[in-house]
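[1] Need coordinates for the following:
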Amino acid sequence: MKINIDFLNTILILIALLLAFLFPVEVFLIAYATLGPLHYLTEIKWIKSQDYFIKNNRYWVYLALLFCFIFCLPYLFSLSKLIPNIDLHFFDTWSSQGKSYINWVLSSALIIAFSVLLIKNKLYRTIVIIGGIIFSVILNLLSSSYNLWIGVFLPTLIHVYLFTGLFMIYGTLKTNAKIGWLNILLIVLVPFIIWLAPINPLDFLITEKVKTVFTQNSFHYLNVHLGQLLGVKNQSKFFFYEVIDIKLQIFIAFAYFYHYLNWFSKTTIIGWHKNLNTRSTSLLIILWMVFVALYAIDYRLGFTVSLFISVLHVILEFPVNVLSIKEISKRALMVFTK
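    Have a look, this model is predicted:
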């Protein structure tokens, strides 16, 4: 029996929301460590099979790899803290300082993706790319708002929530399925459902080990910044048992969990599995098992080692995001000009 993918996604949205409500921290940590690496690996493979959605993509791939390496370098230096009985203060210093200067990488990659896909004139494209990179570096050094949006929200909630929603809109515009529009409406309503839902902090007790894993990997900073952005937090601290912090974590857990589930549900639609042969499938499974094992041994080790493919899949997805925005804008323009 053929499964209706839109109906399946309705069920997945509800399941993700229910589990996020029940176990906001645990669901996030488990999904991030297990579904996350499998999502990164399979999406990178799919994007490669689609020629990265860019003509003459050779230089784009090299730039994506270079940008990803630059972004991940300070985090790799932070692994020195996991080596016992050895003083590696030099690496610790570079790790803490380097994280303050790498956000320009993500905005530069996004600007390049926009330029390559939307600007046909080579001279104009080159000017925009060079100017965009210089502007990104300057903003990185001078603007805290820039660093918040690019360094914190772009690779996290913008990627897993906004871009997922845009991709759903893009797909539904092609099929015009009513249940597809229902799913988009559900995605939009989720934050309001979470905000209005009454919760008891005593229902969200977690172990000290879970708290340690969550904070040692700095996941709580996303909650703090999101709360400040929405104006619901006026301090830069995170509390596991404050109602607002719990609700923010429920939303974050839902966004990530459904992002992964949505990807795997689209197998028959975009056919990302069709280019997997026995050899590549075996390699993907082995790599995935290695990443999951690293998370199980030490969550911070798994997070840091898998960061490269995590950031790489975000960067390589930029052309898909640009194309989605382009097609949605084109369809919207056609509707308003009729």
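[2] Quick check: closest non-adjacent residue to Asn103.
    With CB to CB, 6 or more residues apart in numbering as the measure, Gly151 is the residue that lies nearest to Asn103, at 3.7 Å, once sequence neighbours are left out. For glycine as for every other residue, the C-beta is placed from the backbone atoms N, C-alpha and C.
[3] So that neighbour is in contact with Tyr101, correct?
    No: here Gly151 does not reach Tyr101: they are 10.1 Å apart, not a contact under CB atoms under 8 Å.
[4] out of these two, which sits in the busier spot?
    Gly151 (22 against 14; other CB atoms under 10 Å).
[5] Distance check, the more buried one against Val322.
    Distance of Gly151 to Val322, computed by CB to CB, to the nearest Å: 20 Å.
[6] Same check on Gly231?
    With distances taken as CB to CB, Gly231 is found 30 Å from Val322.
[7] same deal with Trp181?
    Where Val322 is concerned, Trp181 sits at a distance of 23 Å (CB to CB).
[8] Kindly report the same for Lys174.
    Where Val322 is concerned, Lys174 sits at a distance of 17 Å (CB to CB).
[9] in this structure, which helix or strand is least confident?
    Between all helices and strands in the chain, the lowest mean by mean pLDDT, DSSP states H and E belongs to helix 89-98, at a mean of 53.
[10] sorry, back to before: more neighbours: which of Gly231 and Val322?
    Between Gly231 and Val322, counting by other CB under 10 Å, Val322 is the more crowded of the two (19 against 7).
[11] Tell me if I'm right that the more buried one and Ile119 touch.
    No: Val322 is not in contact with Ile119 according to CB under 8 Å; the separation is 11.3 Å.
[12] I'd like to know the average pLDDT value across the longest helix anywhere in the chain.
    Across the chain, the longest stretch assigned as helix under DSSP state H is helix 24-49. Average pLDDT, helix 24-49: 95.
[13] Give the buried residues for it.
    Residues of helix 24-49 classed as buried under the neighbour-count rule (16 or more other CB atoms under 10 Å) are 24-47.
[14] Please name every helix or strand in contact with that helix.
    helix 5-22, helix 208-216, helix 243-265, helix 278-297, helix 299-316 (3 or more CB pairs under 8 Å, 6 or more residues apart in numbering; DSSP states H and E).
[15] Same list (those) but as TSV, adding distance to Val61 and mean neighbour count.
    Output for those, formatted as TSV (distance: least, CB to CB, whole Å; neighbours: other CB atoms under 10 Å):
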stretch	distance to Val61	mean neighbour count
helix 5-22	30	18
helix 208-216	33	14
helix 243-265	21	22
helix 278-297	17	14
helix 299-316	8	21
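[16] Compare these and report which one is nearest to Tyr146.
    Across the helices and strands packed on helix 24-49, the minimum distance to Tyr146, taken as CB to CB, is reached by helix 299-316, at 17.3 Å.
[17] Residues in contact with the closest one: which ones?
    The set of residues external to helix 299-316 that reach it, using CB atoms under 8 Å, 6 or more residues apart in numbering, is 29, 32-33, 36-37, 39-41, 43-44, 47, 52, 64-65, 67-69, 71-72, 75-76, 78-79, 82, 106, 109, 154-155, 159, 213, 216-217, 291-296.
[18] Stretch 234-248 now?
    By CB under 8 Å, 6+ apart, the list of residues contacting stretch 234-248 from outside reads 24-25, 194-195, 197, 199, 201-202, 204-206, 211, 215, 220-221, 223-224, 226-228, 232-233.
[19] Restricted to buried residues, select those residues in PyMOL.
    Filtering the contacts of stretch 234-248 down to the buried ones (16+ other CB under 10 Å) takes a single PyMOL command:
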select buried, resi 24+25+194+204+220+223+224+226+227+233
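[20] Among the contacts of stretch 234-248, which are located in helices?
    Restricting the contacts of stretch 234-248 to those inside helices, with DSSP H as the criterion, leaves 24-25, 194-195, 211, 215, 220-221, 223-224, 226-228.
[21] Report the residue spans of the stretch 51-200 of the chain with pLDDT below the cut-off.
    Low-confidence segments of the stretch 51-200 of the chain, defined by pLDDT under 70: 79-100.
[22] Identify the residues contacting Val152.
    For Val152, the residues meeting the contact criterion (CB under 8 Å, 6+ apart) are Tyr221, Leu222, His225.
[23] mind redoing it with 6 Å?
    Contacts for Val152 were tallied using CB atoms under 6 Å, 6 or more residues apart in numbering; they are His225.
[24] Then Ile269?
    Listed by CB under 6 Å, 6+ apart, the contact set of Ile269 reads Ile5.
[25] From Leu283, how far out is it?
    In this view, Ile269 and Leu283 are 24 Å apart by CB to CB.
[26] cool, Ile134 as well?
    Using CB to CB, one gets 39 Å for the distance from Ile134 to Leu283.
[27] Need the three-state assignment for Trp272.
    For Trp272, the assignment made with DSSP: H, G, I helix; E, B strand; the rest coil gives coil.
[28] Just confirm it contacts Lys45, I think it does.
    No: between Trp272 and Lys45 there is no contact, the gap being 7.2 Å when judged by CB atoms under 6 Å.
[29] and stretch 45-57, how far apart are its ends?
    For stretch 45-57, the separation between the terminal residues is 15 Å (CA to CA, to the nearest Å).
[30] what does that stretch rub up against?
    Contacts to stretch 45-57, defined as CB under 6 Å, 6+ apart, come from residues Trp60, Val116, Trp272, Asn275, Leu316, Pro319, Val320.
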